[in-house]
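J.: All I have is the shape, not the residue letters:
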């Protein structure tokens, strides 16, 4: 197997500083979590904060961590507005879920969980309500179960994953995935982030007669698309010139540009309040200065769940299938996210595993249960964390900063809406480029490895799902290893994972049979 170690890299945050006065460099981390160095003395922590978060040991500074934490927040902040929009049609006792309560609870829960990830997981990972999962549970609430009953199943799903973490099963699965697939997961997420950014900005949209189309009628028409282009160009220049805080500066500059554009052109939302279509409008938030800045958070939704109500309504088997489908999405989305973010920050060991991952996986598992218990859907680790890592974050201190800003945002939800998705989307595209660069690590001379890697990379953006990409890669890897006589190269747990994905992909026929 080729040597996967790489020299210390340069990120958008600028050249990485040496770890010690003698120039000793950290080359990564060992399986036990301690830094792997070139010959020379160990880095002496500057203070207790440095010692706890291993800031110097990971070639970072407090300034970089703070900046990276803010960058991660701004790329995740859209969820505070988007989650209540997605859940706005959910019926609870004859009433829709209150928008302000969902927004505030989303921010508070994201803040608490992200701080927990920083303090206990000690990695720069942000958590919030999982996109995709919230849409799935909203459909279940509209068709089969009440909202409290669905949230009860989400709580159970999170607790089940936590049990898998405590037994060591989740980490074992993480470590059992072969290097080729881990690299392809990171690359696939790079493409996934890119298409998410392009879709958020409206550069790609559902087409008429085609799967997707370019802009509006095949053109980059409208001020919001111009805002995205300006943001992408400005951020690209800052990154290439290795400007410290390039990604955060790009978001701020693009937001200011968007606010000025809206004040002059009065563009309005992409779909007006009267329902009239406005394809040249802003995709999500209209970047205008709010009438009020401050609002006390409404947390009345916390605790509004029924743990076993779903079993009584639709039966044990049907309820367990819902729990299974949500659990698989949560389980493997996190595997992909942790792999990609760790790779971007050079935090993985020589086997492409995240050292000391147990606390990370446990916090992520409990986050799913916490989201259900708070009635805002399952919470999970966000791939947008890669934006903060791209801006220099390497430790849990960045997550603490992100979490604190989320808590503050709960009191200033009107201000969060100032940043349009067109201002955050350029950062996702840039981070996608950073992740895609790892494609050089893949083996290209063996089709039994190339095909699983290709399916993983291709299906993530094309299906808008990290889980589906991983599932296709795992199943094809096991199958092709068997037919090429490499059965012994397949880790026993990979057989289990492949079987689970077969059931996951066949879930609808199974439900119909039952």
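T.: Yep, it's here. As the structure is a computational prediction, the values presented were derived from the model and not from experiment. Numbering: from 1, shown residues only.
J.: Leaving out sequence neighbours, find the closest residue to residue 280.
T.: Leaving aside its sequence neighbours, residue 280 sits nearest to residue 222 (Cβ to Cβ, 6 or more residues apart in numbering; 3.0 Å). Quick note: C-beta positions are derived from backbone N, CA and C, even for glycine.
J.: Report how many residues lie close to that neighbour.
T.: Residue 222 is flanked by 21 other residues according to other Cβ atoms under 10 Å.
J.: residues contacting the nearest residue in space to residue 216 that is not next to it in sequence?
T.: Residue nearest to residue 216 in three dimensions, not counting chain neighbours: residue 279, with 4.9 Å by Cβ to Cβ, 6+ apart. Shown here is residue 279, whose contacts under the criterion Cβ atoms under 8 Å, 6 or more residues apart in numbering are 202, 216, 221, 222, 270.
J.: would a markdown table of the residues you listed with pLDDT and secondary structure be doable?
T.: What follows is these, written out as a markdown table (pLDDT from 0 to 100; DSSP: H, G, I helix; E, B strand; the rest coil):
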| residue | pLDDT | secondary structure |
| --- | --- | --- |
| 202 | 83 | coil |
| 216 | 79 | strand |
| 221 | 81 | coil |
| 222 | 86 | coil |
| 270 | 79 | coil |
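J.: out of these, which one sits closest to residue 62?
T.: residue 202 (37.4 Å; Cβ to Cβ).
J.: just checking, the closest one touches residue 215?
T.: Yes. At 7.0 Å, residue 202 and residue 215 qualify as touching, with contact defined as Cβ atoms under 8 Å.
J.: so how many other residues sit close to residue 375?
T.: Neighbours around residue 375, by other Cβ under 10 Å: 26.
J.: actually residue 115, not the one I wrote
T.: The local packing count at residue 115 equals 21, with neighbours defined by other Cβ under 10 Å.
J.: That one and residue 122, how far apart?
T.: When Cβ to Cβ, to the nearest Å is the yardstick, residue 115 and residue 122 sit 12 Å from each other.
J.: before we move on, the earlier item: mind listing the shared neighbours of residue 202 and residue 215?
T.: Overlap between the contact sets of residue 202 and residue 215, as judged by Cβ under 8 Å, 6+ apart, is given by residue 225.
J.: Comparing these two, which residue is more hemmed in?
T.: Counted by other Cβ under 10 Å, residue 202 and residue 215 do not tie: residue 202 has more neighbours, with 24 against 19.
J.: show me what contacts the more buried one?
T.: Here residue 202 is in contact with 215, 216, 222, 224, 225, 228, 270, 279, 283, 422 (criterion: Cβ under 8 Å, 6+ apart).
J.: ditto for residue 289
T.: In this structure, residue 289 makes contact with 259, 418, judged by Cβ under 8 Å, 6+ apart.
J.: try the one 3 residues further on
T.: Listed by Cβ under 8 Å, 6+ apart, the contact partners of residue 292 are residue 414.
J.: what about 10 Å?
T.: 412, 413, 414, 415 (Cβ atoms under 10 Å, 6 or more residues apart in numbering).
J.: Could I get the buried residue list for stretch 176-192?
T.: Judged by neighbour count (16 or more other Cβ atoms under 10 Å), stretch 176-192 contains these buried residues: 176-192.
J.: on that earlier part again, which among the contacts of residue 279 gets closest to residue 306?
T.: The shortest approach to residue 306 among those belongs to residue 270, at 36.2 Å (Cβ to Cβ).
J.: give the contact list for that closest one.
T.: Counting by Cβ under 10 Å, 6+ apart, the residues that residue 270 touches are 202, 205, 222, 224, 277-284, 286.
J.: Would you confirm that residue 215 contacts residue 199?
T.: No. With contact defined as Cβ atoms under 10 Å, residue 215 does not count as touching residue 199 (11.7 Å).
J.: Can you work out which residues contact both of the two?
T.: By Cβ under 10 Å, 6+ apart, the residues touching both residue 215 and residue 199 are residue 205.
J.: Can you tell me the SS state at the residue nearest to residue 216?
T.: coil (DSSP: H, G, I helix; E, B strand; the rest coil).
J.: and it, what are its phi and psi?
T.: phi -60, psi -20 (degrees, to the nearest 10).
J.: part of a helix, is residue 263?
T.: Yes. The assignment for residue 263, made by three-state DSSP, places it in a helix.
J.: what about it, distance to residue 280?
T.: The spacing between residue 263 and residue 280, counted by Cβ to Cβ, is 17 Å.
J.: what do you get for residue 330?
T.: If you measure residue 330 against residue 280 using Cβ to Cβ, the figure is 37 Å.
J.: still on that earlier bit, which neighbours do residue 115 and residue 122 share?
T.: With contacts taken as Cβ under 10 Å, 6+ apart, residue 115 and residue 122 have 396, 399, 400 as neighbours in common.
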